[in-house]
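Trainee: here is the input, now give the coordinates:
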Amino acid sequence: MRAGIHHDKRLIFVDNTALQEFRTCPAKFQWRINRGLYEARLEMSGNEPPPVSAPLLFGGAMHTALDELYGAQSPKGAGQAFLDAFQPPPDDPKRTAIRGIEMLTEYWDTWGHVIDGYSGIVCETSFRAPMGQVIHPATGEPWDVVYSGLIDKIVTDPEGNTFCIDHKTSTMQTAALSRSYNMSNQFQGYMYGARHAPGLGFEIDHLVVDLLLLFPRNNKFERHTLSYDEERQADWKKDIFSTVRQILLADHD
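Mentor: The predicted structure follows:
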């Protein structure tokens, strides 16, 4: 079931993208998320979708390779997974196949000893976490709210601490970027899903942002640990309920 309003079930599915779309432009949410007309427009035009940009293609291929690196712990297998996913190679002097293999090799040299100590590694975990009910502001009926998402990694370290990992490939390194992680609604959602989604229910108290920095001549790797207590999660949930009520009212009107 996709994100959007499901009138027959009095149910609304939201994810970080859907919430951002509505907060940016309610009409954009209605047509792109709720009606799903963005993809339909491409199909009806008879045109092929535009090619994936070099940053998105490189980042996506790196995510695929990291799944192999964490799962099989095989740098060679991760390199092949990157090459298979990095197709067709873009015309970008910075984001090349060779650069990708170099980055993976250096990443393993930096974090391999840490990854080797992880257990219970779960990659690319999708979730649907019930959040409770809101009262429709126009009809007074109760509606169920479900939050969905996809977590890069859930791992357990040698001390028995279970936490989420989210990989980010970036060409920027600024103090503002680091601070923005603590304010990320997306990361709050990952934490909530890992804690509350059926089939998960992990006792997780933090998330690690695994940053792969792609500079003109070298690579750099950083990790930022984010901790979200129950009070912050409650505030995040309150903001989502407020947006959901606005969505339902806009749909009704």
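
Trainee: please go through this structure and pick out the longest strand.
Mentor: The single longest strand within the chain, with elements called by DSSP state E, is strand 119-135.

Trainee: any idea which residue is closest to the centre of this protein?
Mentor: The residue lying closest to the centre of the chain (CA atoms, centre = their mean) is Leu150, at 5.4 Å.

Trainee: quick one: contacts for it?
Mentor: Leu150 makes contact with Glu124, Thr125, Ser126, Phe127 under the criterion CB atoms under 8 Å, 6 or more residues apart in numbering. The way it works is simple: take the backbone N, C-alpha and C, and place the C-beta from them, glycine included.

Trainee: helix, strand or coil for it?
Mentor: Under the three-state scheme (DSSP: H, G, I helix; E, B strand; the rest coil), Leu150 adopts strand.

Trainee: which strand residues bridge it?
Mentor: For Leu150, the beta-bridge partners under DSSP bridges are Ser126.

Trainee: what are the boundaries of the helices in the stretch 1-150 of the chain?
Mentor: Listed in chain order, the helices of the stretch 1-150 of the chain (DSSP state H, counting those that start in this stretch) span residues 16-24, 26-28, 37-45, 54-71, 75-85, 97-115.

Trainee: which elements pack onto the longest strand of the chain?
Mentor: Counting contacts by 3 or more CB pairs under 8 Å, 6 or more residues apart in numbering; DSSP states H and E, strand 119-135 is packed against helix 54-71, strand 142-156, helix 185-196, helix 230-252.

Trainee: adding distance to Val208, write these out as CSV.
Mentor: As requested, the helices and strands packed on strand 119-135 are exported to CSV (distance: least, CB to CB, whole Å):
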stretch, distance to Val208
helix 54-71, 12
strand 142-156, 9
helix 185-196, 10
helix 230-252, 17
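
Trainee: buried residues, stretch 2-22. List them.
Mentor: Neighbour counts over stretch 2-22 (16 or more other CB atoms under 10 Å) mark 3-6, 11-16, 18-22 as buried.

Trainee: extract the CA atoms of it and return them as PDB.
Mentor: The C-alpha trace of stretch 2-22 is given here as PDB (Å, rounded to 0.1, in the frame of the first residue of the first chain):
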ATOM      1  CA  ARG A   2       1.500   3.300  -1.100                       C
ATOM      2  CA  ALA A   3       1.800   6.500   0.800                       C
ATOM      3  CA  GLY A   4      -1.400   8.600   0.700                       C
ATOM      4  CA  ILE A   5      -5.000   8.800   1.800                       C
ATOM      5  CA  HIS A   6      -7.100   5.600   1.800                       C
ATOM      6  CA  HIS A   7     -10.700   6.600   2.400                       C
ATOM      7  CA  ASP A   8     -12.100   3.100   2.300                       C
ATOM      8  CA  LYS A   9     -10.100   2.200   5.400                       C
ATOM      9  CA  ARG A  10     -10.000   5.600   7.000                       C
ATOM     10  CA  LEU A  11      -6.200   5.100   6.900                       C
ATOM     11  CA  ILE A  12      -3.400   7.500   5.900                       C
ATOM     12  CA  PHE A  13       0.100   6.200   5.100                       C
ATOM     13  CA  VAL A  14       2.900   8.800   5.400                       C
ATOM     14  CA  ASP A  15       6.600   8.700   5.000                       C
ATOM     15  CA  ASN A  16       9.300  11.400   5.100                       C
ATOM     16  CA  THR A  17       8.900  12.300   1.400                       C
ATOM     17  CA  ALA A  18       5.100  12.500   1.600                       C
ATOM     18  CA  LEU A  19       5.300  14.800   4.600                       C
ATOM     19  CA  GLN A  20       7.900  17.000   3.000                       C
ATOM     20  CA  GLU A  21       5.800  17.300  -0.200                       C
ATOM     21  CA  PHE A  22       2.800  18.500   1.700                       C
END
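
Trainee: tell me the average confidence for that stretch?
Mentor: Throughout stretch 2-22, pLDDT has a mean value of 93.

Trainee: ditto for stretch 186-204
Mentor: If you average the pLDDT over stretch 186-204, you get 93.

Trainee: end to end, how far does that stretch reach?
Mentor: Distance between the boundary residues of stretch 186-204 (CA to CA, to the nearest Å) amounts to 16 Å.
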